[in-house]
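Engineer: Here is a sequence together with a model predicted from it:
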Amino acid sequence: MGPGEGDFTSEPHPLAEGDPLRIADYPLTGVLGSGGQGVVYLSRTPLGRPVAVKTLHARMAGDGQAQERFLRETEIARRVAAFCTARVLDAGVAGGRPYLVSEYVQGPSLERLVARDGPRTGGGLDRLAITTLMALQAIHRAGVVHRDFKPGNVIMGREGPVVIDFGIARALEHSTTTSGLVGTPAYMSPELLGGAVASVASDVFAWAATMVYAASGHRAFPGSTPGAILNAIMTREPDLAGVPGHLRPLLTACLAKDPASRPAVADLLTALTHERPLAAPPRVAVGRRRMVRVLAAGVLVAAVPAVYGLFSTTPGVPFGSLVRQPVTGRQKWVLSLALIQVNGRPVVVSGGYDGTIAVADLATGAPVGATLKGHEGPIWSVATGLVRDAPVVVSGGLDGTVRLWDLATGTPIHEPFTGHRGSVESVAVGRLNGRPVAVSGGQDHTVRRWDLTGGAAIGGPIEGHPTWVLAVAAGQSAGRPVVASGGYDGRILISDLATGAKVAERAAGHSGPVESMTVGRLGDRQVAISGGGDGDHAVRVWDLATGAPIGRPFTGHRSWALGLAAGELDDGRAVVVSGGYRDETVRVWDLATGAPIGGPFLGHRGLIEAVTVGVLEGRRVAVSAGDDGMVRVWSLGPPYPPGS
């Protein structure tokens with residue numbers, strides 16, 4: 001989709017003469033948008049879930065450059081964190097035309113919403129600014145410049161804003177040539193209009209221009225003709241009439257003519273999430289470091305000492321309190337966590353968005369050894385175990401590989417396990433006939449098993465999921481090892497670990513994707529526990545033998561239950577710990593009753609990607625981490641909250 005070429009909405013229009021009735025396995029029921037290069041259709045999966053199907057126009061099927069751009073967009077969309085864009089579900093070529101299948105996000109574009117209902121105000125405007133900035137940050141962390149951020153490319157979905165249309169996005173590492181005039185002129189920065197390279201700073205300009213429109217209903221640089229608009233962007237100050245006072249200094253800084261004078265996205269988020277108003281920045285060009293100081297003026301910032309060390313590990317640290325100060329590790333964005341003992345000390349193993357695995361002392365946060373490198377792209381999941389009594393970590397990520405590492409030496413074991421056709425979303429460690437094995441689930445709809453001692457696949461793939469497998473866990477049921485897996489369509493599948501045969505299935509176990517899975521113990525049996533994603537957010541418990549639900553869903557999160565771990569308290573109660581992806585809370589639930597234990601653990605200032613549980617110097621703890629790169633350790637020991 002080219003810049004400014006299409007009218008895109010999440011509300012479908014009827015198919016027109018000449019539109020296909022089907023693309024691959026997807027029957028088409030309406031048109032969501034059309035541009036100069038392609039069309040987006042509404043369709044449904046075989047299970048009835050609505051999806052958006054994007055494809056090139058038939059007349060462009062033979063255009064090699066158009067196909068290359070389309071395939072690049074598909075790869076870019078897959079790289080961006082799922083919370084800020086429609087998740088890619090499938091892609092391929094049908095009838096010589098490439099297509100991309102993604103989530104269907106229902107709701108008007110920001111442009112249509114403002115035109116219909118007027119400017120955004122109050123807390124709704126502030127939330128819009130923060131969530132779209134978080135989306136932009138995730139896009140940049142994927143190594144991408146969007147290049148066409150505008151109100152028409154922000155869909156106001158039920159779960160919050162979603163950024164769409166990466167048709168002209170560009171990889172940061174490839175943005176070294178002249179960009180050309182690509183983008184929507186009213187939201188393009190002066191340097192782009194002058195033929196400079198697209199950059200993070202130009203996206204910041206476009207974001208600020210979008211916020212001006214959202215807050216006021218008019219463009220930051222109005223004009224009746226394209227020439228007048230371009231002249232205003234190059235020579236005039238932005239029109240901020242109607243923009244609330246507390247946002248004016250920030251948006252003025254973002255709309256500076258000099259890209260070096262614009263604040264970074266992280267600094268913008270810091271400014272917006274504090275309570276005091278920003279001081280107005282000077283109108284002259286200033287360096288980025290000085291601009292950070294200007295934005296911080298008048299803002300109360302709580303300093304966190306950059307030191308290691310425990311508050312205390314003696315009895316008396318209340319349940320839900322931080323055991324030590326959060327420690328920023330070597331990864332700016334932590335996606336996955338696991339605990340294990342190495343050389344007699346508990347360590348936390350984290351998988352990062354940067355493709356590294358970091359190991360740190362759980363008590364102090366101090367690094368243990370060098371980071372482990374080998375994956376190309378984000379590491380979505382890590383799991384720990386023992387192979388020949390040596391501590392190991394299994395990792396899976398966007399590059400489609402499963403890898404095994406010796407934690408004592410920091411070296412890989414075996415060649416990477418390959419076989420998944422697409423991203424590996426989740427890994428777990430179990431035992432089969434006394435031998436350690438790994439299980440993995442991925443984008444190719446399969447669960448696969450790996451012998452960690454011999455380094456080979458075990459049997460063929462376990463099939464049965466019609467969509468992505470997002471979560472796996474290994475456990476025991478009636479004396480036999482099993483795999484519990486959860487899919488994007490909400491399905492729960494229990495399979496025999498040895499044979500791959502289906503033991504039990506629960507279609508639509510969640511009303512949204514199953515984002516996390518673990519196994520816990522309830523009395524004398526193991527149970528599967530799952531966390532729901534978009535549209536669900538609940539934690540649910542399942543019988544490993546029958547797939548039947550146990551008790552009622554655990555509700556309280558206002559966002560995906562993306563982090564999930566099971567353990568027990570000192571008094572013997574089985575518990576589940578969950579992390580809310582965007583609600584910034586860690587919660588503890590009584591596994592037997594489903595009742596929350598105490599209130600939510602607060603302190604995260606960003607996305608919570610992972611949680612785990614363990615023991616630190618005799619004290620039970622929960623560990624959480626996310627996009628701020630900080631690892632937090634929470635007490636699960638007494639004294640417990642009153643009444644719990």
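Structural biologist: Sure, I can see it.
Engineer: helix or strand for the residue lying closest to Ile608 once chain neighbours are set aside, which one?
Structural biologist: Sequence neighbours aside, Gly579 is the residue nearest to Ile608 in space, at 3.8 Å (criterion: Cβ to Cβ, 6 or more residues apart in numbering). (Glycine included, C-beta is placed from N, CA and C.) Using DSSP states H and E, Gly579 sits within strand 574-580.
Engineer: on contacts alone, who are the packing partners of that strand?
Structural biologist: Identification of packing neighbours for strand 574-580 by 3 or more Cβ pairs under 8 Å, 6 or more residues apart in numbering; DSSP states H and E yields strand 514-522, strand 561-568, strand 585-590, strand 608-616, strand 619-626.
Engineer: quick check: mean pLDDT across the shortest one?
Structural biologist: This means strand 585-590. Strand 585-590 shows a mean pLDDT of 97.
Engineer: Give me the contacts around the helix or strand that that strand is followed by.
Structural biologist: For strand 585-590, the succeeding helix or strand toward the C-terminus, using DSSP H and E, is strand 601-602. Strand 601-602 has contacts (Cβ atoms under 8 Å, 6 or more residues apart in numbering) with 320, 584-588, 622, 624, 634.
Engineer: Which elements pack onto the longest helix seen in the chain?
Structural biologist: Secondary structure of the chain per DSSP state H: the longest helix is helix 122-141. The contact analysis (3+ Cβ pairs under 8 Å, 6+ apart) places helix 122-141 against strand 160-163, helix 200-216, helix 265-272.
Engineer: Report the angle between the second one and helix 122-141.
Structural biologist: Orientation check (axes from the mean of the first three to the mean of the last three Cα atoms, to 10 degrees): helix 200-216 against helix 122-141 gives 160 degrees.
Engineer: and helix 200-216, what does it pack onto?
Structural biologist: Counting contacts by 3+ Cβ pairs under 8 Å, 6+ apart, helix 200-216 packs against helix 110-117, helix 122-141, strand 144-145, helix 190-193, helix 248-254, helix 265-272.
Engineer: ok now the fifth one, how far from the chain's centre?
Structural biologist: Taking Cα atoms, centre = their mean, to the nearest Å, one finds helix 248-254 lying 28 Å from the centre of the chain it belongs to.
Engineer: Please name every helix or strand in contact with that helix.
Structural biologist: On a contact count with 3+ Cβ pairs under 8 Å, 6+ apart, helix 248-254 meets helix 200-216, helix 265-272, helix 288-296.
Engineer: Please compute how far the first one lies from its chain's middle.
Structural biologist: On the basis of Cα atoms, centre = their mean, helix 200-216 sits 23 Å off its chain's mean C-alpha point.
Engineer: any idea which helix or strand comes after it?
Structural biologist: Next in sequence after helix 200-216, counting helices and strands by DSSP H and E, comes helix 226-235.
Engineer: Show me which helix or strand of the chain is least confident by mean pLDDT.
Structural biologist: Ranking every helix and strand in the chain by mean pLDDT, DSSP states H and E puts helix 288-296 at the bottom, with a mean of 28.
Engineer: Check the helices and strands packed on helix 200-216 for me and report the most buried one.
Structural biologist: Most buried of the helices and strands packed on helix 200-216 by mean neighbour count (mean count of other Cβ atoms under 10 Å) is strand 144-145; its value is a mean of 24.
Engineer: Sheet partners, orientation included, of that strand?
Structural biologist: Note on strand 144-145: by DSSP bridges, its sheet partners are strand 170-171 (antiparallel).
Engineer: so Leu89 sits in a helix?
Structural biologist: No - Leu89 is assigned strand when assessed by DSSP: H, G, I helix; E, B strand; the rest coil, not a helix.
Engineer: any idea what sits nearest it, other than its immediate chain neighbours?
Structural biologist: Nearest non-adjacent residue to Leu89 (Cβ to Cβ, 6+ apart): Val101, at 4.8 Å.
Engineer: sorry, back to before: what's the model's confidence in the longest helix of the chain, averaged?
Structural biologist: With pLDDT averaged residue by residue, helix 122-141 scores 87.
Engineer: hang on, the earlier thing: relative orientation of the strand holding Gly579 and strand 585-590 in degrees?
Structural biologist: Orientation of strand 574-580 against strand 585-590 (the same axes, to 10 degrees) gives an angle of 160 degrees.
Engineer: And strand 574-580, what's buried?
Structural biologist: By 16 or more other Cβ atoms under 10 Å, the buried positions in strand 574-580 come out as 574-580.
Engineer: With pLDDT and distance to Ala528 as added columns, please give the residues you listed in JSON lines.
Structural biologist: Below are those laid out as JSON lines (pLDDT from 0 to 100; distance: Cβ to Cβ, whole Å):
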{"residue": "Ala574", "pLDDT": "96", "distance to Ala528": "13"}
{"residue": "Val575", "pLDDT": "97", "distance to Ala528": "16"}
{"residue": "Val576", "pLDDT": "98", "distance to Ala528": "11"}
{"residue": "Val577", "pLDDT": "98", "distance to Ala528": "16"}
{"residue": "Ser578", "pLDDT": "98", "distance to Ala528": "14"}
{"residue": "Gly579", "pLDDT": "97", "distance to Ala528": "18"}
{"residue": "Gly580", "pLDDT": "93", "distance to Ala528": "20"}
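Engineer: if we can go back for a sec, which residues does the residue nearest to Leu89 bridge with?
Structural biologist: Val53, Asp90.
Engineer: That one: what's it in contact with?
Structural biologist: Contacts of Val101 (Cβ under 8 Å, 6+ apart): 26, 43, 51-54, 88-91.
Engineer: and with 6 Å instead?
Structural biologist: By Cβ atoms under 6 Å, 6 or more residues apart in numbering, the contact list for Val101 reads 51, 53, 89-90.
Engineer: rewinding a little: kindly compare burial across the helices and strands packed on helix 248-254 and name the winner.
Structural biologist: helix 200-216 (a mean of 25).
Engineer: That one to helix 110-117, inter-axis angle?
Structural biologist: With the same axes, to 10 degrees applied, the angle from helix 200-216 to helix 110-117 works out at 10 degrees.
Engineer: Any chance you could list what contacts helix 200-216?
Structural biologist: Contacts to helix 200-216, defined as Cβ under 6 Å, 6+ apart, come from residues 110, 119-120, 125, 128-129, 136, 140, 145-146, 149-151, 187, 189, 192, 219-220, 242-243, 251, 254-255, 259, 262.
Engineer: CA atoms of that helix as CSV?
Structural biologist: C-alpha atoms of helix 200-216 as CSV (Å, rounded to 0.1, in the frame of the first residue of the first chain):
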residue,chain,number,x,y,z
VAL,A,200,13.4,7.5,14.2
ALA,A,201,13.2,11.3,14.5
SER,A,202,11.0,11.6,11.4
ASP,A,203,8.6,9.1,13.0
VAL,A,204,8.6,11.2,16.2
PHE,A,205,7.6,14.2,14.0
ALA,A,206,4.8,12.3,12.4
TRP,A,207,3.6,11.0,15.8
ALA,A,208,3.4,14.6,17.2
ALA,A,209,1.5,15.8,14.1
THR,A,210,-0.9,12.9,14.6
MET,A,211,-1.4,13.9,18.2
VAL,A,212,-2.1,17.5,17.2
TYR,A,213,-4.9,16.3,14.9
ALA,A,214,-6.2,14.0,17.6
ALA,A,215,-6.3,16.8,20.2
SER,A,216,-7.6,19.6,18.0
